[in-house]
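*Asks:* Output the structure for:
(3 chains)
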Amino acid sequence: MKHFDCPVIGRRPSQEFVCSGSSIGILLMEDAAAAREALYFGDATARVKREWWYHKPSRLWFLLERHTGTDTVVSVELATQVHPHDSP
Amino acid sequence: MTARRLPPREGEWIDRSRELEFQFEGQRYGAYGGDTISSALLAGGRRILGRSFKYHRPRGVLSFANHDANVLLETTTRINIRGDVEPVVAGERYRAVNTLGGVDRDRGNWLEALSAFLPAGFYYKTFYRPAVLFPLWERLIRRLSGLGRINENFPTTRGVTRRSTCESLVIGGGAAGLAAAQALAAAGKQVVLVDEHPHLGGSLCGAQMDAEPARWCAEKIAALAQYPNLSVLRGAFAAGYYADGTVPVIRPDGMSIVIATTVIVATGAIEQPAVFHNNDLPGVMLASAARRLVGCYGVAPCRDAVVLAGNVDAYSAALALHGNGINIVAIVDLEAADARGPLAERARAAGIRVISDSQVAAAHARAGELAAVTINAAGSAGETGGERIACDGLLMSVGWAPAAQLLAQAGGRFEFDEVVGQLRPALLPPGVFAAGRVNARHTLDDRIADGVAAAQEALAWLAGTPGAVARPPLESERRSHPLPLVEHAGRKNFVDFDEDIQIEDLRTSIREGFDSVELLKRYSTNGMGPSQGKHSNVNAARFLAHYHAKPLGAVGQTTPRPFYHPVPMGILGGPRWRSHCETPLIAAHTALEATWVEVGAWRRPRHYRARGVAHAIVEEYHAVRERCGFIDVSTLGKLEVFGPDAGALLDLVYTSRLSRAPVGVTRVVMALDQRGMISDDGIAARLGPDHYYVTAGTGHVVATCREMNQIAALCRLNVSVVDLTRHWAAINVAGPLARELLQPLTEVDLSLAAFPFPEVREGRVLGGPARLLRVGFVGEGGYEVHVPYSHAAPLWAALSAAAPRFDARPVGVDTQRLLRLEKGHPIVGLDTDGVMHPFETPLAGLVKMDKPRFMGRTACEYLQHQVTRRLIGFTTPHHDPAAPIEECHLMVDAHRIVGRVTSVGFSPILGYTVGLAVVEGEGVHATQFDIRIGGGQLVRAHRAQPPFYDPTGARLLELPA
Amino acid sequence: MTHNFVSYNATMSLRLIKYALNRQHAEPRFFNTPDALRDTYDVVIIGGGGHGLACAYHLAAEHGIRRIAVIEKAYLGGGNTGRNTTIVRSNYLTPEGVLFYQRSVELFQQLATTLDLNLFYSTRGHFTLAHSEATLRTMRWRAEVNQHYGVDSELVSADEVKKACPQIDISCGGNHPILGALFHAPGAIVRHDAVAWGYARRASQLGVEIFQNTEVTGIETSGGRVVAVNTSRGRIATGKVVSAVAGSTPTVLKMVGLKSPVDILPLQACVTEPMKAWLDTIIVSGTLHVYVSQTARGELVMGAAVDPAELHSTRSSLEFVSSLADQMLDLFPFLAGVKIVRQWAGMADMTPDFAPVMGLTEVGGFYLDAGWGTWGFKATPVCGETMAFTVAHDTNHRLIESFGMERFHRLAMLGEKGAAAVGH
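*Replies:* Residues are numbered from 1 along each chain as shown, chains lettered A, B, ... in the order given. Presented below is the predicted three-dimensional model:
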């Protein structure tokens, strides 16, 4: 069972979360052509990715840096602490 | 009890004070408490305990450790019971699985006569010509295959699921595991120790004939009892290793999911059989099986045994067993006995004949059981020049396979150690440690020292200063014979007992190109059976290496997937729990004889008083259109959005501009996903400058709430979103007399002038807080009354009490859908599908492209010019309850599909059928369509612009007629 | 029974009888293992699974192209070909999907003869259960589209489900009872590994060279066209490359500079111990996330939905197998004591619209066979046929015209996802 060490809520099993990937960032993208391409195309190779994970019981969003090949979590931060310009 | 039962011995696992009785294949047997089914049957003098999967050959105990599937039993409630390890249940009636007429007279053994026609992969090469006959063959094959016979009346026994965490989980309670557990416990760590046997001690238990290990073991077990921070799970096995130190520990009554910071795998090694002619006869078994039977169960599985030796462990076994109820006739050593050191001397001194550099070439049967063996020079082919030795037991000790399944699942990498002759962990993931035989340490002292060292490594890891600790040096002695296989042309010699796989099957497979471990497994099915290759994978790999003349390390190994032992579904599934939501009005609906429809986790009344669907709907329909109806809409998603950025958030989530909506009004809203597809709709009511109340689809509200929070976080908005869906209820009161019905129940002024469409008011209803929304979904003036959950039932009761005066009535979902259909309102998820964008629907007007940002805007920029299909309205005079138009009937033009009906219903007021449909291709511009209904009949329909009813909205706005 | 068996010896393969009489005689190898790569091939197929091997076979058998190398980084059929739950069906929702899979089923039905190998193709009938009005409605949609194209597919009542599978608990333990089902009579199961082996054997016989344990490390392009493939065993000059690598699709796309429209999600499955035959049909429940059939050996093979987050790994999860067992017991409560022996996973290459991405790409000579999500195995023969055509003619086969990657540049999705998203 995968676990994430989160700020505020501590270590929680991954089943308590919903992963939404990083597509929400498109909402703030300035370059229209790039945004359009990002709707369907990306780098789907195994690597460290910055993803949005929602913790269902607490209704908090977290930003994870996770390696999609090994499932290793590099970092976890509470999403509300992120400035929009830092977002993926 | 019987001739096979030995005198009591200290430390044995059976309780001779408790006598049980059970039946096997109709015969009565006695057992002691603690006996396994196999130990009791052996004690009772029975040696044929099962029949093999393919050839129905008689089989007995092989590993006595759940490493083979020779003894599989069934009862009236269970199948595939592992007789070697499952305790006897008093009074139970067992029988062997997969026999035709019983284990002693299995009529399935004719299959053996055909075995020459059944080489590996034979079924790929036959039965398919002519193709029409394959189903007949398949029926025969299906009848012959399979093990136990299930019965649909078997009980549904679900296990309990426990969850726990610990600092260190030690798997395996043998020498290494006991030593490690004690070291960790002594250091004050929270430790869980798991062992699959009913008693700790591992292989030491079967060694009770040896005084020294037994004493060490007893002392250790006593010492462990002192630690309150150590818990021991006996009779429980670690079924697999999953992410982040998660190990499900399976017990007879359920599953303990242990989440461990460090894991020490001390799972030992699995003794491997030798392969020779008739090596599957009952009486041929692993030496470790005999040791455990004698030492732990007080059962002598044979009287006169030959020991086949491929390592020094064979001598230990022979010495331990000799004179302990078993007469060791001879030790047949595959190699030079003199090289075995002092144990060989001791064996000779004990009067055991030691035959050096020889092999057991064949076993011989009498009445289906072992009666003699033929031995000859090691390495000879077949039985040439053999000496026959009478014996009823052949105890094999030729090699070991590390029980490294969990280590592999954890991501461990292995190397083949040529000295010890086994795989050994070379690289383990952080926090995972191996100790003992699985780590290629075989002597007692080394296993203990290895366990302590592994514990020290775990302690260092827990302290945050990971580092390797010196382990005892690797074994200097080979414990596994490199090729304990004797080939005979055309004779039965089993590599995989589960699957009846022989050397010849492996050779055939390799020759045909299946020459890697993975392909060999899949083609020959070696290792695919219930014991998952525990006793066969290594021998198959050894043969493959031999065939290619490569070292064993070069051929690799197959990937060991979970589970270590199979796990019952009832235990994996655990207790049954299903999410279920109820509106506060369920009791009221039930009293009104509602017919239900499930909507996600909820259920809603379709209609009331089931005097026929059509009748109920007509009554309910007319009530709303002519007088008043009230509908439980509590399942609506309900979101409270407040804070200075509430408007800004909703502007991003929805396509319309809600920040400019005046306080006190409602707006229909639509949400898109990033790709511009319609995901949700609802009503947003502005309650204050910084405060909105938004409804959402029943099935989508969780996602909508989630997305609102995400966008708020992304854009750093100062806003809070609270999901009130299960906290508030709602009743839609609609119809020309709605005001009259509702006004006496509320202090809110419902007059048209004070509260017109589409506004919202907060106030009190029946003295409690309420929000009233003027909504137009069903096309009549009305009020959606939202109240706290507990206030809904009194409100419903009050409405019901007042209803007779207005001939008002409760209305169900079916009527609600018809009413909205007349208004042409699409329902998201019903009239739209997951890949529909707003420009294909009448909802396009809700998209405000002048907003710089909102979910889906990027896509809309492009999609607004990409309309290839449309959601349109249609009407038709067709109205035939015997041949109805149904949702999802297709519109066809010649041989092309041009559309699909998404909603359809007969409008009582209009007197014809109305509907919505998604049209595509030529259908986009067509004005009339042929709908293909049941039976292929075509029904003509005409395009029509919704709303079909009250197109000007006069009734909603309560304009004078 | 014995008599039947013996009397059919006559029709049993002569090869086998010969083998039985003289055990020294072995069958020829199924597939070749050439020692070294040649410098150049007409076509290089990346991926020695069912799709790649089928493509090689069709190229060699129907298009006369013989200088073909199939490059497999591990062993034949070791990817999703050997990890799926072996179901074959054609009851899709979109016209494109129905026509494509209909052809696949046709090819499957003759495949044992084509490949001269018994694939244990077993027509069982396929029930997709409906536990809600909304699902029932979607089933009608599928049934109507299927029937329009001549696919045998119909909406049936709960009683009919019970009749075909008397062991099923229609009440589903009390929640979400079965209301009906989509019944697809041609639904079948087939021995998955054998499909790959059979194609490999036929392709080998036609001169295709198969390289196992050989990894592609890069693809060279020049002027927007493929010119060579680099592998762990050397460089191959070639003008045509087919990528049929499922879970490795993003990696291979990156080698030719293309972004990926597919995401990689694990798809897990598990199998029970064998038991006597009792389940004659294939049962699927989207609501309970369960699909199950019984193999000829007597095991129940079970699967569920893809895992919820991207992961390029074939690790198993406890959550999957415990939730699957839990839901299975709603359908078949008497299985509580039946044991699951093994679980495993594959890497599913999911597209946004649940339809494949196939055919020509922006890179000349680079042909894609991807986007197989949870439905790749059942497409194996038709992929072989259509990809081979596409490669040979450098023109998309008509059955895959709408599966091109460019649809995502138009922000257009095929409707296969439509039904999945139609909710409550």
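
*Asks:* How is chain C divided into domains?
*Replies:* Under the assignment automatic domain parsing, the domains of chain C span C:43-83+C:193-261+C:353-421, C:122-185+C:263-350.

*Asks:* Out of those domains, which gets nearest to B:R522?
*Replies:* Between B:R522 and these, the shortest separation by Cβ to Cβ is 4.9 Å, and it involves domain C:43-83+C:193-261+C:353-421. For the C-beta atoms, the positions are set from N, CA and C on the backbone; glycine is no exception.

*Asks:* Is the closest one positioned near chain A?
*Replies:* Yes. Counting by Cβ under 8 Å from any Cβ of the partner chain, chain A is contacted by domain C:43-83+C:193-261+C:353-421 at C:T249, C:P250, C:T251, C:K254, C:K259, C:S260, C:P261, C:F408, C:H409, C:L411.

*Asks:* who in chain A is up against chain B?
*Replies:* Within reach of chain B by Cβ under 8 Å from any Cβ, chain A has these residues: A:1-3, A:18, A:20, A:23-29, A:32, A:35-36, A:39-40, A:52, A:54, A:59-61, A:71, A:79-80, A:82-84, A:87.

*Asks:* picking up where we left off before, do you know which of the domains of chain C lies nearest B:L406?
*Replies:* Across these, closest to B:L406 is domain C:122-185+C:263-350 (Cβ to Cβ), at 12.4 Å.

*Asks:* mean confidence score for that closest one?
*Replies:* Taken as a whole, domain C:122-185+C:263-350 has a mean pLDDT of 96.

*Asks:* so how far is it off the chain centroid?
*Replies:* Using Cα atoms, centre = their mean, to the nearest Å, the distance from the centre of domain C:122-185+C:263-350 to the centre of the chain it belongs to is 16 Å.

*Asks:* Equivalent analysis for stretch B:350-359, please.
*Replies:* Average the C-alpha atoms of stretch B:350-359, do the same for its chain, and the two points are 50 Å apart (Cα atoms, centre = their mean).

*Asks:* ditto for stretch B:813-824
*Replies:* 42 Å.

*Asks:* Quick check, central residue of chain C?
*Replies:* By Cα atoms, centre = their mean, the mean C-alpha position of chain C lies nearest to C:F377, the distance being 0.4 Å.

*Asks:* among the residues of domain C:43-83+C:193-261+C:353-421 next to chain A, which two are most distant?
*Replies:* With distances taken as Cβ to Cβ, the most widely separated pair in those is C:T251 and C:L411, at 25.2 Å.

*Asks:* Mind checking which of the two has more residues around it?
*Replies:* Between C:T251 and C:L411, counted using other Cβ atoms under 10 Å in any protein chain shown, the more crowded position is C:L411 (21 against 17).

*Asks:* need the contact list for the more buried one.
*Replies:* Residues counted as contacts of C:L411 (Cβ atoms under 8 Å, 6 or more residues apart in numbering or on different chains) are A:R36, A:L39, A:Y40, B:R675, B:G676, B:A859, B:Y862, B:L863, B:Q866.

*Asks:* Tell me the most packed of the residues of domain C:43-83+C:193-261+C:353-421 next to chain A, by neighbour count.
*Replies:* Ranked by neighbour count (other Cβ under 10 Å), those have C:T249 at the top, with 29 neighbours.

*Asks:* picking that back up, now, which of the residues of domain C:43-83+C:193-261+C:353-421 next to chain A sits nearest B:V722?
*Replies:* Nearest to B:V722 among those, with distances taken as Cβ to Cβ, is C:L411, at 34.0 Å.

*Asks:* got a pLDDT number for that closest one?
*Replies:* Predicted confidence (pLDDT) at C:L411: the value is 95.

*Asks:* got it, and B:A381?
*Replies:* You'll see B:A381 listed with a pLDDT of 83.

*Asks:* In space, what's closest to it - neighbours in sequence excluded?
*Replies:* Leaving aside its sequence neighbours, B:A381 sits nearest to B:E487 (Cβ to Cβ, 6 or more residues apart in numbering or on different chains; 6.4 Å).

*Asks:* Identify the residues contacting that neighbour.
*Replies:* The contact partners of B:E487, by Cβ under 8 Å, 6+ apart, come to B:A381, B:G382, B:N493, B:I503.

*Asks:* For the third one, give its distance to B:A274.
*Replies:* Summarising the geometry, the distance separating B:N493 from B:A274, computed by Cβ to Cβ, to the nearest Å, is 9 Å.

*Asks:* Within the helices and strands, which one has the residue nearest the centre of chain A?
*Replies:* Among the residues of chain A, A:E51 comes closest to the average C-alpha position under Cα atoms, centre = their mean, at 1.6 Å. With the criterion set as DSSP states H and E, the secondary-structure element containing A:E51 is strand A:48-55.

*Asks:* quick one: strands adjacent to the next helix or strand after that strand?
*Replies:* The first helix or strand that comes after strand A:48-55 along the chain, using DSSP H and E, is strand A:60-67. Sheet pairing here is set by DSSP bridges, and for strand A:60-67 it gives strand A:48-55 (antiparallel), strand A:73-78 (antiparallel).

*Asks:* Report the distance from strand A:60-67 to the chain centre.
*Replies:* Relative to its chain's centre, strand A:60-67 lies at 4 Å (Cα atoms, centre = their mean).

*Asks:* tell me the mean pLDDT over it?
*Replies:* 97.

*Asks:* List the buried residues in it.
*Replies:* By 16 or more other Cβ atoms under 10 Å in any protein chain shown, the buried positions in strand A:60-67 come out as A:L60, A:W61, A:F62, A:L63, A:L64, A:R66, A:H67.

*Asks:* before we move on, back to that, hey, what's the residue nearest to the centre of chain A bridged with?
*Replies:* Beta bridges link A:E51 to A:L64 when assigned by DSSP bridges.

*Asks:* my read: it touches A:W61, true?
*Replies:* No. At 10.6 Å, A:E51 does not count as touching A:W61 under the criterion of Cβ atoms under 8 Å.

*Asks:* would you list the contacts of C:L411 in CSV and tack on pLDDT?
*Replies:* As requested, the contacts of C:L411 are exported to CSV (pLDDT from 0 to 100):
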residue, pLDDT
A:R36, 96
A:L39, 97
A:Y40, 97
B:R675, 96
B:G676, 97
B:A859, 97
B:Y862, 95
B:L863, 96
B:Q866, 91
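
*Asks:* From the contacts of B:E487, list the buried ones, please.
*Replies:* B:G382, B:N493, B:I503.

*Asks:* Just those residues: which are in helices?
*Replies:* Using DSSP state H, B:I503 are the members of these that sit in helices.

*Asks:* all helices for the stretch 651-800 of chain B, in order.
*Replies:* Counting by DSSP state H, counting those that start in this stretch, the stretch 651-800 of chain B forms helices over residues B:701-714, B:738-742, B:789-806, given from the N-terminal end onward.

*Asks:* Ok, which of these comes nearest chain A?
*Replies:* With distances scored as Cβ to the nearest Cβ, the stretch of these nearest to chain A is helix B:701-714 (3.9 Å).

*Asks:* Let me know how buried the residue in chain B positioned nearest to chain C is, in neighbour terms.
*Replies:* Distances between chain B and chain C by Cβ to the nearest Cβ are smallest at B:G834, namely 2.2 Å. When neighbours are counted by other Cβ under 10 Å, B:G834 registers 21.

*Asks:* re earlier: most packed of the strands paired with strand A:60-67?
*Replies:* Most buried of the strands paired with strand A:60-67, by mean neighbour count (mean count of other Cβ atoms under 10 Å in any protein chain shown): strand A:48-55, with a mean of 20.

*Asks:* Show me how far that strand is from its chain's centre.
*Replies:* Relative to the chain's own centre, strand A:48-55 is displaced by 2 Å; criterion: Cα atoms, centre = their mean.

*Asks:* what angle sits between that strand and helix B:701-714?
*Replies:* Using axes from the mean of the first three to the mean of the last three Cα atoms, to 10 degrees, the inter-axis angle of strand A:48-55 relative to helix B:701-714 is 130 degrees.
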